[in-house]
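In: sequence and computational prediction follow.
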Amino acid sequence: MTGTPAPMTGYTLMAGNNRWSNARLHAACAALGAGEWRAPRPGFFPSLSLTLNHIHAVDRYYIDAVTKGGLGRSAFREAPAFATVQDLALAQETLDQTLIDFCRTLTPTHATTRVITDRGERGAPLERIGHLLLHLFQHQIHHRGQAHAMLSSTTVKPPQLDDFFLDFERDPAALPFFA
């Protein structure tokens, strides 16, 4: 990236980091046997399959909220449960690209716009788009970390997920997100 970055570049970079990290994690999981993908493991969601499906479902919910898609909680409740990592990876890549495209159009004013987050019986609070995005990124990092730890107990080496932002030892696959 050259020159002075646009005010909202951080959101776009975080969205790019999401896509890059998810792709690396899914590629590692694709090398697992079906038994390892679904095997019980310590974690909030007790398998790699359940953990990564949860990330996808929550992404659907928050991306729908910030884009005012109108699905509300059904975006989460009716999210597909993918049986294979390949199917999940394709669906996640589509969501990740939607998030990148959205973040590229974000302005400071738009980031402070409040949108409804349907919480079912707990109400429908208004939240700032910028805050929802930061929460989404944090949620992704949190659960990807759990999946990364789960991979440690498999036959597949967990991928490096923190070489995205720094020039030093940056994975070349991350470079397109800095254009």
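Out: All right, it came through fine.
In: stretch 91-102: which residues count as buried?
Out: Buried residues in stretch 91-102, counted by 16 or more other C-beta atoms under 10 Å: 91, 92, 95, 96, 98, 99, 100, 102. Where you see a C-beta, it was placed from the backbone N, CA and C, and this is true even at glycine.
In: quick one: contacts for residue 20?
Out: 164, 171, 173, 174, 177 (C-beta atoms under 8 Å, 6 or more residues apart in numbering).
In: element containing it?
Out: Assigned by DSSP states H and E, residue 20 belongs to helix 9-30.
In: list the buried residues in that helix.
Out: Neighbour-count burial for helix 9-30 [16+ other C-beta under 10 Å]: 10-26, 28-29.
In: what do you get for stretch 136-146?
Out: Here stretch 136-146 shows 136, 137, 140, 143, 144, 146 as buried, counting by 16+ other C-beta under 10 Å.
In: send over it as PDB, restricted to the C-alpha atoms.
Out: C-alpha atoms of stretch 136-146 as PDB (Å, rounded to 0.1, in the frame of the first residue of the first chain):
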ATOM      1  CA  LEU A 136     -17.200  -9.700  13.800                       C
ATOM      2  CA  PHE A 137     -13.400  -9.600  13.300                       C
ATOM      3  CA  GLN A 138     -12.800 -10.400  17.000                       C
ATOM      4  CA  HIS A 139     -15.300 -13.200  16.900                       C
ATOM      5  CA  GLN A 140     -13.500 -14.700  13.900                       C
ATOM      6  CA  ILE A 141     -10.100 -14.500  15.500                       C
ATOM      7  CA  HIS A 142     -11.400 -16.000  18.700                       C
ATOM      8  CA  HIS A 143     -12.900 -19.100  17.100                       C
ATOM      9  CA  ARG A 144     -10.100 -19.500  14.500                       C
ATOM     10  CA  GLY A 145      -7.700 -19.600  17.400                       C
ATOM     11  CA  GLN A 146      -9.800 -22.500  18.900                       C
END
